[in-house]
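1. quick one, structure for this:
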Amino acid sequence: MNQHSWSPEERAILDARTRALARPTAQTARSRGADLVLRVSGERYAIAASEVIAVAALTRLTPLPHAPPELVGLTSRSGRVLPVFDLRAVLGLPLATLPEHARMIILGTGDSPVAVTVDAVDPSEADTSGELTEPPSTTSTSLRRVLLGIDAAGALHLDTRALLERLVVDIPSPQTRST
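-> Reported below is the predicted structural model:
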């Protein structure tokens, strides 16, 4: 058997390559199921269909005075009041008027569901056959916080758990005056 003696420089290069190949991608061990493809500001986003409670038309939205821009209002669905968040604001995208036929995606647990607005739900499916790659370095920090990665077709896959952690707004109640 022929043994090769590597120089320190060659060893460093090989070690760096080995670490790069061994580094887990954004999506590895978790097996992805079907994903729902959303359109937001002209981009395709994917979210695990198993984490979506419902998709509904955005109707009867009640705005909240003094709410932050990501909280567009409240709506009622099946006798429950849901906060509705603008996914653009949550993802750090420029705010725009919602399209006439905007949809809301209801996420969360049965105890505390929330809704996010999207421009549309795309009938195509996300590419779940391959692994996701890391987003480009130019991706904003606010978007990176909720991304699992990008599929081969260019859809940005959202991390539902990270997204739900961002969908919380603490609106202070008005303080009463002491007399």
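
2. what ranges do the strands span in the protein?
-> Shown for the chain, the strands assigned by DSSP state E span residues 35-40, 43-48, 52-57, 71-77, 80-86, 103-107, 114-118, 120-125, 147-150, 156-158.

3. can you lay out these as JSON lines showing distance to Glu10, mean neighbour count and mean pLDDT?
-> (C-beta placed from N, C-alpha, C; glycine too.) Converted to JSON lines, these look like this (distance: least, C-beta to C-beta, whole Å; neighbours: other C-beta atoms under 10 Å; pLDDT from 0 to 100):
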{"stretch": "strand 35-40", "distance to Glu10": "42", "mean neighbour count": "21", "mean pLDDT": "89"}
{"stretch": "strand 43-48", "distance to Glu10": "41", "mean neighbour count": "21", "mean pLDDT": "91"}
{"stretch": "strand 52-57", "distance to Glu10": "50", "mean neighbour count": "14", "mean pLDDT": "90"}
{"stretch": "strand 71-77", "distance to Glu10": "56", "mean neighbour count": "18", "mean pLDDT": "90"}
{"stretch": "strand 80-86", "distance to Glu10": "52", "mean neighbour count": "19", "mean pLDDT": "91"}
{"stretch": "strand 103-107", "distance to Glu10": "50", "mean neighbour count": "22", "mean pLDDT": "91"}
{"stretch": "strand 114-118", "distance to Glu10": "51", "mean neighbour count": "25", "mean pLDDT": "92"}
{"stretch": "strand 120-125", "distance to Glu10": "45", "mean neighbour count": "12", "mean pLDDT": "79"}
{"stretch": "strand 147-150", "distance to Glu10": "32", "mean neighbour count": "20", "mean pLDDT": "90"}
{"stretch": "strand 156-158", "distance to Glu10": "37", "mean neighbour count": "25", "mean pLDDT": "91"}
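
4. out of these, nearest to Glu131?
-> Counting by C-beta to C-beta, Glu131 lies closest to strand 147-150 out of the strands of the chain; the figure is 7.7 Å.

5. elements contacting that closest one?
-> strand 156-158 (3 or more C-beta pairs under 8 Å, 6 or more residues apart in numbering; DSSP states H and E).

6. now the residue sitting nearest the centre point of the chain: how far from Thr133?
-> Centroid-nearest residue in the chain: Leu158, 3.1 Å away (criterion: C-alpha atoms, centre = their mean). Distance from Leu158 to Thr133, counting by C-beta to C-beta, to the nearest Å: 15 Å.
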